[in-house]
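>>> Sharing a model prediction with you, sequence too.
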Amino acid sequence: MHSVSVQNLSLKFGAAEVLKNLNLDVEEGEFIVLLGPSGCGKSTLLNCLAGLLELSEGQIHIKGKNVTWAEPSERGIGMVFQSYALYPQMTVRGNLSFGLKIAKLPKEEIEKRVQRASEILQIGPLLDRKPGALSGGQRQRVAIGRALVRDVDVFLFDEPLSNLDAKLRSELRVELKRLHNRLKNTMIYVTHDQIEALTLADRIAIMRGGIIQQLDAPQTIYNRPSNLFVAGFIGSPAMNFIKGTTVGGGKAFKFGDVTLNLVGYEGGAIMDRPKAIIGLRPEHLAIVDEAVPGLTIPAVVEIDEPMGADSLVWLEAEGKQISVRVPVEHRPVAGTKVHLKVDIAKSSLFDETSELRI
Amino acid sequence: MMLIVLGVFVCGTIWTVLFSFTNIKILPIFTPKEWIDGFVGLANYRRLFNTDRWMSCPAITHIGMADWRFTCTGALPNMVTYAVLSIAIAVSLGFLLAVLMDQKIRAEGVFRTIYLYPFALSFVVTGHVWAWIMSPEYGLQASMRQLGWDSFSFGWIADRKMVMYAIVIAGIWQGTGFVMALMLAGLRGIDEDIWKASKVDGIPAWRTYIQIVIPMMKPVLVTIFVIVTSGAVRIYDLVVAITDGGPGISSDVPSRYIYQNFSANLGQSLSASTVMLVAMAIVLIPWIRMEFGKKSQA
């Protein structure tokens, strides 16, 4: 039994189709991240799961129960919002317990749950304060607590860390991971931040235009993106794309005067394609002094961007800009002619017409 | 420019307050000597509150606040009646309309314009129209009787006890749309995530309005309170257009009282002005403290 199961979900606002025939099965205890650029439908999908938007078509099951038409409060979900959405005139305790009071839970039970949540999230000392007197990180903890006290099966997070500054964000990210390890609830998390997605997720669903482009473990998404969009979206600095052709029955990739040997490529049948694209991550390229036929690309160093531990070097090869990540002590001097060594096993080939991975 | 404005406001106000303690009869040239010579202390105020036209409360000693209005008559109690009723009714009605408008209805702009339209009209114009509508000879009562409903009776405008309520009806008709517009702006200012959170928490919509949204709208509510109440304190044109203070003087209000006494009874007029000033200050000072005191704390 899936924890959350979405079948053929479609959502239309007038003529605009925001979600298109979407399917998603989430296992019990899984941490799923919905990742994509703004307007891709990821928050909309989360709101549909929460019951805050009515579907045009399709069904949603949570814990085997059909909740397609159930009220948000009856779905066994808790939700955390980007703007925290705390009730400003109530204390933290009031915020945590208000929903439970409405649900007419016995007083001792409410008290027990509030205590447990405040212990897990370490907000005990804040219980009698109002949200206005809390910092952003504390407010978001309270918001998580409000979902926690509901004792639900599934947690929904709508960009919960986006309003925090960078330092707090990484702190809370780790805390969220710890929380997931401890509670082992199913969590569905929306973000546009790929670092959050890569660090937190068991599986990432990359979305664009109301369609899930790829649903896989973070490492698979990173190493074997299923299409050009996913390849370009994941990874920072972004993947280098070079247009060319595959020749020799799929044995080599050719662009300009450069030929790269494709033996050892991990993927499908390459064949001869007149229009192909090779994707090379900056960290999978190395700067070497000597050319090796079929394995290196001659290039000229243009500029470099030191980023602390390593440095991003921009080179020009065959009229194209290519970035390479090197340890900061190995920065080459601008203007030098070098060669870029390609790791074919870690590269990605795409068909330019279909934009799909080969 | 600033200086002129400041001069007129501040000096005019101080002048009014100072000369309300003197026995002057004509507009004086201000000299300290003249003021000291004419100084009579609180005599004007004592006389003012002994004037039935201003306020007369035959039984004020042994009644509660509840039926105060029914015992007290005169310009000041009339104003209080008008203020209390218009704030209570216009605010609750305005809130109700704003909530209805907030339900993502069709043609919201049309409704908003309709509700806000009375506010764009002058009190003098609408006052005359309301005078016709409520007039027993020409208005609603006459029309209903012509239609055959002989026992229909709506003569508040000619009834000494009810005339203030007739004026309140007109005032509410005029002001509710504006209250609604402000309330709607306040409702729209509430973070949509608050609504989502309350739905996930299973809180019924009416409870969300009462326990979460209304407390969040406190700044808007205070602003509305100040605008409606200060409008009630200085009410003049509506009364003049509908009843001109009648029947008799039963719908007289402070502004009209001051205006009518200005030439004959300057000292008393000034002290009445000061009473209005105090009433206005009671309304405005908490608001000013809330609006501007907040920033210095933050």
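Cool, the structure landed.
>>> So which residue is smack in the middle of the chain?
Just going to use chain A. Most central in chain A under C-alpha atoms, centre = their mean is A:Ala197, positioned 3.3 Å from the mean C-alpha point.
>>> other chain: chain B
B:Ala232 (1.3 Å).
>>> Distance check, the residue lying closest to A:Gly132 once chain neighbours are set aside against A:Pro298.
With sequence-adjacent residues excluded and distances taken as C-beta to C-beta, 6 or more residues apart in numbering or on different chains, A:Gly132 is closest to A:Pro88, at 6.1 Å. Yep, even glycine has a C-beta here, placed from its N, CA and C like the rest. Distance, A:Pro88 to A:Pro298, by C-beta to C-beta, to the nearest Å: 62 Å.
>>> and what of A:Gly29?
Separation of A:Gly29 from A:Pro298 (C-beta to C-beta): 50 Å.
>>> what's A:Ser347 sitting at in phi/psi?
phi -90, psi 170 (degrees, to the nearest 10).
>>> The one 5 residues further on now?
Taking degrees, to the nearest 10, you get phi -70, psi -30 for the backbone angles of A:Glu352.
>>> In contact with it, which residues?
The contact partners of A:Glu352, by C-beta atoms under 8 Å, 6 or more residues apart in numbering or on different chains, come to A:Lys243, A:Arg273, A:Lys275, A:Ala276, A:Ile277.
>>> The biggest helix by length in chain A packs against which elements?
Counting by DSSP state H, the longest helix found in chain A is helix A:166-183. Contacts defined by 3 or more C-beta pairs under 8 Å, 6 or more residues apart in numbering or on different chains; DSSP states H and E place helix A:166-183 against helix A:107-120, helix A:136-148, helix A:194-200.
>>> at 6 Å instead, please
On a contact count with 3 or more C-beta pairs under 6 Å, 6 or more residues apart in numbering or on different chains; DSSP states H and E, helix A:166-183 meets no helix or strand.
>>> Taking helix A:136-148 as reference, get the angle to that helix.
20 degrees (axes from the mean of the first three to the mean of the last three C-alpha atoms, to 10 degrees).
>>> hang on, the earlier thing: quick check: the two most widely separated of the contacts of A:Glu352?
By the measure C-beta to C-beta, A:Lys243 and A:Arg273 form the most distant pair in the contacts of A:Glu352, at 11.2 Å.
>>> more neighbours, these two?
Neighbour totals were compared for A:Lys243 and A:Arg273, and A:Arg273 leads with 19 against 12 (other C-beta atoms under 10 Å in any protein chain shown).
>>> Which positions in the stretch 151-298 of chain B make contact with chain A?
B:Asp191, B:Asp193, B:Ile194, B:Lys196, B:Ala197, B:Lys199, B:Val200, B:Asp201, B:Gly202, B:Ile203, B:Ile212, B:Pro215 (C-beta under 6 Å from any C-beta of the partner chain).
>>> Using ChimeraX, define a selection of the buried residues within these.
Buried residues among these (16 or more other C-beta atoms under 10 Å in any protein chain shown), as a ChimeraX selection:
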select /B:191,193,194,196,197,199,200,201,202,203,212
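>>> Save the residues of the stretch 151-298 of chain B next to chain A as CSV, and put in secondary structure and pLDDT too.
Below are these laid out as CSV (DSSP: H, G, I helix; E, B strand; the rest coil; pLDDT from 0 to 100):
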residue, secondary structure, pLDDT
B:Asp191, coil, 90
B:Asp193, helix, 92
B:Ile194, helix, 93
B:Lys196, helix, 93
B:Ala197, helix, 93
B:Lys199, helix, 92
B:Val200, helix, 92
B:Asp201, coil, 91
B:Gly202, coil, 91
B:Ile203, coil, 92
B:Ile212, helix, 92
B:Pro215, helix, 91
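>>> circling back to that earlier point, just give me the neighbour total for the residue nearest to A:Gly132.
16.
>>> okay but it is in contact with A:Arg129, surely?
No. A:Pro88 lies out of contact with A:Arg129 (C-beta atoms under 6 Å); the separation is 11.8 Å.
>>> related to what we said a few turns ago, tell me which of the contacts of A:Glu352 fall in strands.
A:Lys243, A:Ala276, A:Ile277 (DSSP state E).
>>> In the stretch 251-358 of chain A, which residue sits nearest chain B?
A:Met307 (35.1 Å; C-beta to the nearest C-beta).
>>> what's the pLDDT at that residue?
With respect to pLDDT, A:Met307 scores 86.
>>> That one - nearest residue in space that isn't next to it in sequence?
In space, A:Met307 is closest to A:Val328, 7.9 Å off (C-beta to C-beta, 6+ apart).
>>> Contact partners for the one you found?
Contact analysis of A:Val328 by C-beta atoms under 6 Å, 6 or more residues apart in numbering or on different chains lists A:Pro306, A:Asp310, A:Ser311.
>>> Sitting in strands, which of those do you find?
Taking DSSP E, the ones among the contacts of A:Val328 that sit in strands are A:Pro306, A:Asp310, A:Ser311.
>>> Would you mind putting the residues you listed into CSV with neighbour count alongside?
Below are those laid out as CSV (neighbours: other C-beta atoms under 10 Å in any protein chain shown):
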residue, neighbour count
A:Pro306, 11
A:Asp310, 18
A:Ser311, 18
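>>> how about stretch B:12-25: buried residues?
B:Thr16, B:Phe19, B:Ser20, B:Phe21, B:Thr22, B:Ile24.
>>> For the second one, give me its contacts.
Pointing back at B:Phe19 there. B:Leu270.
>>> ok, now how distant is it from A:Pro237?
79 Å.
>>> Around chain B, which positions in the stretch 1-150 of chain A sit nearby?
Near chain B, when you scan the stretch 1-150 of chain A using C-beta under 6 Å from any C-beta, you find A:Leu52, A:Pro72, A:Ser73, A:Met79, A:Phe81, A:Ser83, A:Ala85, A:Tyr87, A:Gln89, A:Gly99, A:Ile102, A:Ala103.
>>> Please work out which residues outside the host helix or strand of the fourth one touch it.
When you say that, I think you mean A:Met79. Element membership of A:Met79 [criterion: DSSP states H and E] is strand A:77-80. By C-beta under 6 Å, 6+ apart, the surrounding residues in contact with strand A:77-80 are A:Ala50, A:Ala143, A:Ile144, A:Ala147, A:Arg150, A:Val152, A:Val154, A:Phe155, A:Leu156, A:Phe157, A:Pro160, B:Val200.
>>> which helices and strands sit right next to the helix or strand that comes right after it?
Beyond strand A:77-80 in the direction of the C-terminus, DSSP H and E gives the next helix or strand as helix A:92-102. Contact partners of helix A:92-102 among helices and strands, from 3+ C-beta pairs under 6 Å, 6+ apart: helix A:107-120, helix A:136-148.
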